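Colleague: Below is the structure, and that's it, no one-letter string:
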């Protein structure tokens, strides 16, 4: 097995690209390598809120107008 330190950045990018194209994922190990951030727990699902920014979400406070 190859140590994570032995993987070249170009190989990581290729691996990330293939994984993302296949199922919209990347390995936590590669994410951590490039960002320095260690992912915690499950991945965050993509934002699927298609609401338009100008669309009202409910009654507005009259004092804010």
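Modeller: Received, thanks. Source: prediction; values computed, not measured. Numbers count the residues shown, from 1 in each chain.
Colleague: and residue 16, what element?
Modeller: helix 9-23 (DSSP states H and E).
Colleague: mind showing which ranges of this protein have poor pLDDT?
Modeller: Applying pLDDT under 70 to the chain flags residues 41-62, 64-65.
Colleague: who does the helix or strand hosting residue 31 touch, helix- and strand-wise?
Modeller: Residue 31 is located in helix 28-35, with elements delineated by DSSP H and E. If contacts are counted by 3 or more Cβ pairs under 8 Å, 6 or more residues apart in numbering; DSSP states H and E, helix 28-35 sits against helix 9-23. C-beta coordinates here come from the backbone N, C-alpha and C atoms, glycine included.
Colleague: May I see the buried residues of the helix it packs on?
Modeller: Of the residues in helix 9-23, 12, 16 count as buried by neighbour count, 16 or more other Cβ atoms under 10 Å.
Colleague: do stretch 27-34 as well
Modeller: By neighbour count on 16+ other Cβ under 10 Å, the buried set for stretch 27-34 is 30-31.
Colleague: The helix holding residue 31 to helix 9-23, inter-axis angle?
Modeller: Angle of helix 28-35 versus helix 9-23, following axes from the mean of the first three to the mean of the last three Cα atoms, to 10 degrees, is 130 degrees.
Colleague: Pull the residues that contact helix 28-35.
Modeller: Contacts to helix 28-35, defined as Cβ atoms under 8 Å, 6 or more residues apart in numbering, come from residues 4, 9, 12, 15-16, 37-39.
Colleague: Let me see the contact set for residue 16.
Modeller: Shown in contact with residue 16 (Cβ under 8 Å, 6+ apart): 26-27, 30.
Colleague: redo that, cut-off 6 Å
Modeller: Counting by Cβ atoms under 6 Å, 6 or more residues apart in numbering, residue 16 makes contact with 26, 30.
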